[in-house]
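*Asks:* Starting from these lines, generate the structure:
(one chain, ligands or ions: 1)
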Amino acid sequence: MQAPLQQLQHPLLQKHELTLWVKREDLLHPHISGNKWRKLKYNLQEAKAQGKKTIVTFGGAYSNHIAATAAAGAEFGFKTIGVIRGEEHLPLNPTLQFATEQGMELHYISRELYRTKAEPAFLAELEEKFNDPYLVPEGGTNLLAVKGCTEIVDDISIDFDVICCASGTGGTIAGLIAGLKGQKQVLGFPALKGGDFLKEEIEQLVYNYSGQHYSNWQLITDYHFGGYAKVKPELLEFIHQFQEQHNIPLEPIYTGKLFFGLFDLISKGYFTRGTRIIAVHTGGLQGNAGFKERLGIDV
Ligand SMILES: *Cc1c(COP(=O)(O)O)cnc(C)c1O
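*Replies:* Below is the predicted model of the structure:
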């Protein structure tokens, strides 16, 4: 499987003498998209090594991770159970419809209970209920996920100065930081408000994985557009233009914000001349069908 580097041409890049490639992780797999494939890879191996038959994981009703885990279960022979935040709504939205078509069993829990999803008592209950499954946390983020994401940088064969990605739980950027071992610069663009909380989480993940603290990274917290899954017309406009100019599809939750923010920084002269930038396209395009259905917006 390959995630090629696609170089972008844009007047702003020319003006500021920058080079920008998109690492097309969205092309890794048709259904186990982008960083979710990287994050699941070693978890699937571990589940198999432990002789587990069932994978239980967690997510919201439009979660890319739920869709990816369902597809991975179907492809690699695991039963999958998705613990979904909130009530069941029928007909199922495109994400959950897809997940059930892949054989995932959906188990809805209240928002209150969902908040306890990482607590030992709740996890013990799930282990009992689902007959000793392999548990994957929300968003797929754990140390095996970080390990998988270090391979994003191993997979880059050109020299560069800065690598950027969108951040949710921080597992992906933790992998980039650990994989680069203090070299180059890493920029994360959080999709949620409250980037400072995320900074600690990332630091912990990197340290727990590698035993190192690195300082060659930073969160750019100005481009969350009001918070997780909040959309603004200018963001949708940007996504349409980007698709037209570069023939690369984005979505408004993660990658749209990343590229909007990156081009805004570029236009403000953030990067010094000659900087070679790689932006990781983490996939997640399955979510666009849900946006279209819910808001009547064509993404
Ligand atoms: C899940 C996801 C992210 C966030 O990754 P984290 O490892 O949770 O930070 C970014 N982009 C897309 C497209 C995703 O689906």
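*Asks:* so Y228, which of the three states?
*Replies:* At Y228, secondary structure determined by DSSP: H, G, I helix; E, B strand; the rest coil is coil.
*Asks:* if I look at it, how far off is the ligand?
*Replies:* From Y228 over to the ligand the distance is 10 Å, taken as C-beta to the nearest ligand atom, to the nearest Å. The C-beta positions use only the backbone N, C-alpha and C, and glycine is treated the same way.
*Asks:* Show me what residue of the stretch 1-150 of the chain gets nearest to the ligand.
*Replies:* Among the residues of the stretch 1-150 of the chain, N64 lies closest to the ligand, at 3.5 Å counting by C-beta to the nearest ligand atom.
*Asks:* pretty sure that residue contacts N288?
*Replies:* No: counting by C-beta atoms under 8 Å, N64 does not reach N288; the two are 10.7 Å apart.
*Asks:* Between those two, which is the more surrounded one?
*Replies:* The neighbour comparison of N64 against N288 (other C-beta atoms under 10 Å) goes to N64, with 27 against 21.
*Asks:* Could you pull up the residues touching the more buried one?
*Replies:* Applying C-beta atoms under 8 Å, 6 or more residues apart in numbering, we find N64 in contact with 33, 36, 95, 283-284, 286-287.
*Asks:* mind giving me CSV with these and columns for distance to the ligand and pLDDT?
*Replies:* As requested, the contacts of N64 are exported to CSV (distance: C-beta to the nearest ligand atom, whole Å; pLDDT from 0 to 100):
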residue, distance to the ligand, pLDDT
S33, 7, 87
K36, 6, 97
T95, 11, 96
G283, 5, 97
G284, 3, 95
Q286, 9, 93
G287, 7, 90
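*Asks:* how close does the residue nearest to the residue of the stretch 1-150 of the chain closest to the ligand when sequence neighbours are not counted get to T19?
*Replies:* Take N64 and drop its neighbours on the chain: the residue closest to it by C-beta to C-beta, 6 or more residues apart in numbering is G284, 4.4 Å away. Between G284 and T19 the computed distance is 25 Å (C-beta to C-beta, to the nearest Å).
*Asks:* More neighbours: which of these two?
*Replies:* Counting neighbours by other C-beta under 10 Å for G284 and for T19 shows that G284 has the greater number, 29 against 15.
*Asks:* CA atoms of stretch 207-227 as CSV?
*Replies:* Extracted C-alpha coordinates of stretch 207-227, given in CSV (Å, rounded to 0.1, in the frame of the first residue of the first chain):
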residue,chain,number,x,y,z
TYR,A,207,7.0,10.1,26.4
ASN,A,208,5.3,6.8,27.1
TYR,A,209,6.1,5.6,23.6
SER,A,210,9.7,6.7,23.3
GLY,A,211,10.9,7.6,26.8
GLN,A,212,11.9,11.0,25.3
HIS,A,213,10.7,14.6,25.5
TYR,A,214,11.0,16.5,22.3
SER,A,215,10.5,20.2,21.8
ASN,A,216,10.5,20.4,18.0
TRP,A,217,6.7,20.6,17.7
GLN,A,218,3.9,23.0,18.3
LEU,A,219,0.1,23.2,18.1
ILE,A,220,-1.5,25.9,16.0
THR,A,221,-4.7,26.5,17.8
ASP,A,222,-6.3,29.3,15.8
TYR,A,223,-8.1,27.2,13.2
HIS,A,224,-10.8,25.1,15.0
PHE,A,225,-13.6,27.2,13.5
GLY,A,226,-15.6,27.2,16.7
GLY,A,227,-14.9,23.7,17.7
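*Asks:* Please tell me how far it is from the chain's geometric centre.
*Replies:* 14 Å (C-alpha atoms, centre = their mean, to the nearest Å).
*Asks:* One more: stretch 179-188?
*Replies:* Distance of stretch 179-188 from the chain centroid (C-alpha atoms, centre = their mean) equals 17 Å.
*Asks:* And stretch 52-65, by the same measure?
*Replies:* Distance of stretch 52-65 from the chain centroid (C-alpha atoms, centre = their mean) equals 14 Å.
*Asks:* residues from the chain in reach of the ligand?
*Replies:* When proximity is defined by C-beta under 6 Å from any ligand atom, the chain lies next to the ligand at 34-36, 64-65, 139, 141, 166-172, 254-255, 282-284.
*Asks:* Among these, which lie within strands?
*Replies:* The strands, defined by DSSP state E, take in 166-167 from the residues of the chain next to the ligand.
*Asks:* residues in contact with stretch 287-299?
*Replies:* Residues outside stretch 287-299 that contact it (C-beta under 8 Å, 6+ apart): 62, 64, 93-95, 231, 236, 239, 249, 251-253.
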